[in-house]
Structure formats: C-alpha cells, structure tokens
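Participant: Test case, fold it:
(one chain, ligands or ions: 1)
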Amino acid sequence: MNTQSTEKRILVVTSVEAERDAFLRGLRDDGRFTVRIGGVGPIAAAARTARILATEEPFDLVICAGISGGFVGQAEVGSLVVGSEIVCADLGAETAEGFCSLDELGFGSAHVPVDQQLAASVTEALQAAKLPVKMAPILTLSTVTGTAQTAAELARRMPDAAAEAMEGYGVAVAAQDAGIPVLEIRAVSNAIGPRDKSAWRMKEAFAALEAASSVLREVL
Ligand SMILES: O=C(O)c1cccc(C(=O)CC[C@H]2O[C@@H](n3cnc4c(=O)[nH]cnc43)[C@H](O)[C@@H]2O)c1
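Facilitator: Now for the predicted structure:
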C-alpha cells in the first residue's frame, strides 16, 4: 500500500495492446495511472500482476480493464460493466450432479470481493457521464463461451452476472494477496453465446473503454 505520497497510484492491467491503448487515450497522460499488459487468460494475468506489484512502486488500487462478453438481457454490446464481485466461474469440480464450485468444495473461494462503495462511485460517475453501465458480478473463465447451452448454464448458476472475460480473477487474486483493493471494468464487445466472430464489435468496445477511462480520471 502506498503510504508515502497523497496522490493515489493506480495499476491498470489489460490483456492486449489494443485495450491498453484505448485506456491510455482516455487517461490523457494522467500520471497517477500505470497501464500494463497482463496477457490473455487468468494465469498470465495473475503472474504478471503479481510480478508488477512485487517489483514496482506501491499501488493503492488495481483495475482489471478490457473487453468482455455480455450476458443477453444483462449487458448490451458497447455497454460497460463494473464488477460488484469477481468470480472464477470454472474453478471447481465437475460432478454427476453438475458443476461444484471451489466454495462448495470447501477449498477456498472462487469469489474476490470488491469495495462496494468504490465500485458504486465509479458506476455512478459513468452513469453521470451518460455512459451505459451496470454494476454486477463479472465472471472469469479460461474458455470463451461458444454455445447457447454453456451461456444458459452460466446464467442459471449465476443469474446476476452481467459479463464474462478471462483475466479478472487472476488480477484480483494477485491484488488481494498484496492487500490492495481491486476493480474490474469491462466494455462489452459481444454477446455471450454461440461463437460468431462476425458479431464481435471490438471497435465499439474499445471506444467505450476509452470513454470509461476518461471518466475514471475524474472519479478516482
Ligand atoms: O472466438 C473467436 O474467434 C474470437 C474472436 C475474437 C476474440 C476472441 C477472444 O478469445 C478474445 C478473448 C479476450 O477478450 C476478452 N473477451 C471478450 N469477449 C469475451 C467473451 O465473450 N468471453 C470471454 N472473454 C472475452 C477476454 O478477457 C480475453 O482477453 C475470440
């Protein structure tokens, strides 16, 4: 935790360069933010976030940011989701009765809590900026959902979840281990369900990410 200066130091971890560049465009050289690429998937994101937190100046907040899928009826393409919690949805065991989460197995938790007041203040600031945004659980998976069946099963298990991506839980565990609060902010590029690359709207999602980061400068 940074106890030296009064200025908050914020680490933002994205998966790929395009997300980093979109986030940086919105920041307009705000020196409080350090934006790094953590790679695709929870393992790479966790390892690289942990290394940054262990070797660089102390941070006051970690943000996992990027594009995501949106659950139909929860988060439309081009909208934003601020994580109310970060859930590793495929961390557990397959049983004859269905998926059993790590929490149900009793081996720890697949959920990383988020500071609700901080997440709510970010959500309210995005709403005040007239950006479509929702505060809801964001799922982390190691495999992009590609069928209606998987999407329906995830929604059945976690009906409040609005988005899925691949890095949030990894970044969040690294931040949690370092005792630093974490947020996940996603811009929806596609609907979660049957794989249809032509339906992905990356450009719109990157624009939403840039708009979100320009608001974060004001609220953080
Ligand atoms: O299925 C494809 O051919 C395909 C086309 C474009 C991108 C992908 C990805 O795997 C992107 C993964 C990357 O983006 C995040 N992301 C975006 N949408 C989703 C999603 O619906 N489910 C999970 N992750 C998503 C993710 O965080 C990665 O960083 C595939």
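Participant: Helices of this structure, start to end?
Facilitator: Using DSSP state H, the helices found in the chain span residues 17-27, 42-55, 102-105, 116-128, 148-157, 168-177, 202-219.
Participant: any chance of those helices in a markdown table, with mean pLDDT and distance to the ligand too?
Facilitator: Backbone N, C-alpha and C define where each C-beta goes, glycine included. Below are those laid out as a markdown table (pLDDT from 0 to 100; distance: least, Cβ to the nearest ligand atom, whole Å):
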| stretch | mean pLDDT | distance to the ligand |
| --- | --- | --- |
| helix 17-27 | 97 | 8 |
| helix 42-55 | 98 | 8 |
| helix 102-105 | 96 | 19 |
| helix 116-128 | 98 | 19 |
| helix 148-157 | 98 | 9 |
| helix 168-177 | 98 | 8 |
| helix 202-219 | 97 | 7 |
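Participant: Out of those helices, which is the most enclosed?
Facilitator: Using mean count of other Cβ atoms under 10 Å, the stretch among the helices of the chain with the largest mean neighbour count is helix 168-177, at a mean of 26.
Participant: Return the nearest residue of this structure with respect to the ligand.
Facilitator: residue 69 (2.3 Å; Cβ to the nearest ligand atom).
Participant: Just the pLDDT for that residue.
Facilitator: According to the prediction, residue 69 has pLDDT 98.
Participant: Apart from its chain neighbours, what residue comes closest to residue 205?
Facilitator: residue 189 (3.7 Å; Cβ to Cβ, 6 or more residues apart in numbering).
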